[in-house]
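*Asks:* Let me see the structure of the following:
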Amino acid sequence: MNADCDAGPDDVVALKQALAAERAKGLEVAAELAAARAKASEDEALIASQKLQIAKLRHQIYGQRSERSSRLLEQLALTFEEQEAGATEDELAAERAAAKTSTVRAFTRKRTERQTFPEHLPRERVVIEPPTACECCGSNRLRKLGEDVTRTLEVVPRQWKVIETVREKFSCRDCEKISQVP
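*Replies:* Below you'll find the predicted structure:
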């Protein structure tokens, strides 16, 4: 018997995973190819635009040499429009191909904290009185969710200290509305 016929279920799973990985690589290559084609057609359209601009400027500077030059300008303008439309179509195809291959990572919110004050400064913590009842339903079954801390630097002559103002967040256990002092 052939050694490939004796493959166990683990080997089949591994082969399926390898096949899926190869297909994903193929999609990535197709997306890169579409992006390269879009770039090339965009470059061609840019070149045509520049040629048209040069021809118009020459015509403007040196005047009309013959009917051929005006027909040539019209032809260049049509060529430019066709290449511009082709470039747009290629860009759309590249975007579609890239959309098929893009992977989305999980979103994790990162709290940015602006310039923190040095730890050696003395700190004064001021806690604003939290709400005693829910603003929505009037229930007093509130639980603490977290707090927002605002740090300000106060200057007392010849002394520095950080004042932390805390606004605690609460959620109502009955209606789930979040309350916080303004």
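*Asks:* after the least confident helix or strand in the chain by mean pLDDT, next one along is what?
*Replies:* Within the chain, no helix or strand scores below helix 67-101, which has a mean of 73 by mean pLDDT, DSSP states H and E. As assigned by DSSP states H and E, the chain's next helix or strand after helix 67-101 is strand 123-127.
*Asks:* For that following strand, which residues meet the burial criterion?
*Replies:* Under the neighbour-count criterion of 16 or more other CB atoms under 10 Å, strand 123-127 has nothing buried. All C-beta spots, glycine's among them, are computed from the backbone N, C-alpha and C.
*Asks:* same deal with stretch 92-101?
*Replies:* Ala93, Ala94, Ala97, Ala98.
*Asks:* again, but for stretch 141-152
*Replies:* If you call a residue buried by 16+ other CB under 10 Å, then stretch 141-152 has these buried ones: Leu142.
*Asks:* count of residues packed around Phe170?
*Replies:* Neighbourhood size, Phe170 [other CB atoms under 10 Å]: 21.
*Asks:* likewise Leu76?
*Replies:* When neighbours are defined as other CB under 10 Å, Leu76 has 18 of them.
*Asks:* what's around the nearest residue to it once chain neighbours are set aside, how many residues?
*Replies:* Setting aside the residues directly before and after it, Leu76 is nearest to Leu52 in space (CB to CB, 6 or more residues apart in numbering), at 4.5 Å. Using other CB under 10 Å, Leu52 has 19 neighbouring residues.
*Asks:* ok, back up a step: name the nearest of the buried residues of stretch 92-101 relative to Arg151.
*Replies:* Ala98 (42.8 Å; CB to CB).
*Asks:* The closest one is in contact with Leu33, isn't it?
*Replies:* No. Ala98 is beyond contact range of Leu33, at 11.0 Å (criterion: CB atoms under 8 Å).
*Asks:* so Arg143 touches Arg173, yeah?
*Replies:* Yes. If you go by CB under 8 Å, Arg143 and Arg173 touch, sitting 6.0 Å apart.
*Asks:* give me every residue that touches the closest residue to Asp148 other than its chain neighbours.
*Replies:* What sits nearest to Asp148 in space, not counting adjacent residues and going by CB to CB, 6+ apart, is Arg167, at 4.8 Å. Arg167 makes contacts with Ile128, Glu147, Asp148, Thr150, Gln180, Val181, as judged by CB atoms under 8 Å, 6 or more residues apart in numbering.
*Asks:* and Arg167, that's in a strand?
*Replies:* Yes. Applying DSSP: H, G, I helix; E, B strand; the rest coil, one finds Arg167 inside a strand.
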